[in-house]
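Participant: Any chance you can model this:
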Amino acid sequence: MTTLAVTRIGSLFSGVLDAPLIADADTVLCRDGVITAVGTAAELAAGIAAAEQVLDVAGATVAPGLIDSHAHVTIGDYTPRQKAVDFLESYVHGGVTRMISAGEVHVPGRPRDREGVKALAITARTVFDNIRPGGMRVHAGNVLLEPTLTEDDFRHLARCGVWLAKFGFGAYPDPLDAVDQIRLAKQCGLVVMCHAGGVSAAGSAALGAAEIIELDPHVCGHANGGPTAMSDADTDRLLYDTAMVLQVVQAGNLRSALRIVRGAQSSGALHRIVVGSDTPSGFGVMPLAVLKTVVELSALAPLDPAIAWALATGNVGQAWRLPAGRIEPGAAADLLALDAPLGGVASTAAEAMTNGDIPGVTAVVTDATVRALSSRNTPRARRAARLSRPTAG
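Facilitator: Residues are numbered from 1 along each chain as shown. Modelled structure (predicted):
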């Protein structure tokens, strides 16, 4: 049994859109990879005393770890697109504690035949079930839909643990030829994401609102472009005429992202917005991509920082059916400690985000295990976290 107490929390982001801040709490207890209690140090004194390790964040902000909802992993911690090794471990230092594959599209010689497509998805899922780069959990094995896949194939994939599917890179003469396959994938329990916008460097289809509505995926991937955005009229159709999840990414169109988020906020639809990076891509390896997007939404949309944080945590967990992204008993113990950057005008992480500054990450926790004390990618924070064993007596 592994136990961790996170103490002296100054502000607590919940990851829950409807209640983004947890008031009157300064302590989080974790055991065996999950959060067991949230409250005050006085209320949880026995748990703190019994913890194997105590993480003192010295008044900084604690928040759920970021979940990158759109990343192009391959096999292991290597990206041939940018010829970079250990890039996933570097994303942990950008606050990303989980990552969802948007398709292993950058694997050299990626197979297109029916058996090869399945084999790649099953292999990628299995590989990342067995490795945790930097402590990150990668949800990989996203089957890239091809017209040769049958209902039996989707059932086979589901039996093998594959639960992600992506449309946009297959050899379909007409995008609408995939309607039945997307329906079958959904019936077999897979979460389906669809490409949106112009053609990407990886050779995706160009898809607008009319096609995406007919295809009816769970998630409209990079609704703000990957990297080329749809027209404003198309994004409005997806926002106001559908109920699908809309994803905004760093490797997309910032103007479009802000327009989507502002529209969702004014229409009460922020629960449908999720954040991802869409990297590694032509934009490169970007360890701070998700954090940068959350800061931009805080400063420019503008959203309350705790609400913006929920778009990249609790909203993602809900859309992809993950037990993560929220600070509450029973949720995965994936946590970040954040603070205002040293030398800036802000005194808290939230103030820094409102000002458009990247906060300093002072601790990264996954599975109730401290993976890093300070980040090599964010600015140095005003306050440093310290890890210790409790003092007896």
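Participant: what's the top helix by length along the chain packed up against?
Facilitator: Taking DSSP state H as the criterion, the chain has its longest helix at helix 114-130. In this structure, helix 114-130 makes packing contacts with strand 137-139, strand 142-144, helix 151-159, judged by 3 or more Cβ pairs under 8 Å, 6 or more residues apart in numbering; DSSP states H and E. C-betas here are computed from N, CA, C, even on glycine.
Participant: which stretch among the ones you listed comes nearest Thr228?
Facilitator: With Cβ to Cβ as the criterion, Thr228 lies closest to strand 142-144 of the helices and strands packed on helix 114-130, at 19.9 Å.
Participant: Pull up the pairing partners for that closest one, direction included.
Facilitator: strand 164-167 (parallel) (DSSP bridges).
Participant: what's downstream of the partner strand, the next helix or strand?
Facilitator: The helix or strand immediately downstream of strand 164-167 is helix 179-187, counting by DSSP states H and E.
Participant: tell me which strands and helices that following helix is in contact with?
Facilitator: Here helix 179-187 touches helix 151-159, strand 164-167, strand 191-194, helix 209-215, going by 3+ Cβ pairs under 8 Å, 6+ apart.
Participant: Quick one: mean pLDDT for the last one?
Facilitator: It refers to helix 209-215. In this model, helix 209-215 carries a mean pLDDT of 97.
Participant: Over to stretch 369-378?
Facilitator: For stretch 369-378, the per-residue pLDDT averages 96.
Participant: now the end-to-end length of it.
Facilitator: End-to-end distance of stretch 369-378 (Cα to Cα, to the nearest Å): 20 Å.
Participant: Tell me how far that stretch lies from the chain's centre.
Facilitator: Computed by Cα atoms, centre = their mean, to the nearest Å, the chain-centroid distance of stretch 369-378 equals 18 Å.
Participant: same deal with stretch 308-317?
Facilitator: The chain centroid and the centroid of stretch 308-317 are separated by 7 Å under Cα atoms, centre = their mean.
Participant: end to end, how far does that stretch reach?
Facilitator: Using Cα to Cα, one end of stretch 308-317 lies 14 Å from the other.
Participant: As a check, name the ranges of all helices in the chain.
Facilitator: Shown for the chain, the helices assigned by DSSP H span residues 45-50, 87-92, 114-130, 151-159, 179-187, 209-215, 232-241, 254-266, 289-300, 305-311, 314-319, 349-354.
Participant: can I get the ones you listed in CSV with distance to Pro173 and mean neighbour count?
Facilitator: Formatted as CSV, the helices of the chain follow (distance: least, Cβ to Cβ, whole Å; neighbours: other Cβ atoms under 10 Å):
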stretch, distance to Pro173, mean neighbour count
helix 45-50, 60, 14
helix 87-92, 35, 24
helix 114-130, 17, 18
helix 151-159, 20, 16
helix 179-187, 13, 18
helix 209-215, 13, 19
helix 232-241, 22, 16
helix 254-266, 28, 19
helix 289-300, 34, 24
helix 305-311, 36, 28
helix 314-319, 30, 25
helix 349-354, 46, 24
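Participant: any chance of these in a markdown table, with distance to Ile67 too?
Facilitator: Converted to a markdown table, the helices of the chain look like this (distance: least, Cβ to Cβ, whole Å):
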| stretch | distance to Ile67 |
| --- | --- |
| helix 45-50 | 26 |
| helix 87-92 | 11 |
| helix 114-130 | 14 |
| helix 151-159 | 22 |
| helix 179-187 | 21 |
| helix 209-215 | 23 |
| helix 232-241 | 22 |
| helix 254-266 | 17 |
| helix 289-300 | 8 |
| helix 305-311 | 10 |
| helix 314-319 | 4 |
| helix 349-354 | 18 |
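Participant: between the ones you listed, which gets nearest to Arg380?
Facilitator: Nearest to Arg380 among these is helix 349-354 (12.4 Å), distances taken as Cβ to Cβ.
Participant: which secondary structure elements does the closest one contact?
Facilitator: Checked by 3+ Cβ pairs under 8 Å, 6+ apart, helix 349-354 has strand 61-64, helix 289-300, helix 305-311 packed alongside it.
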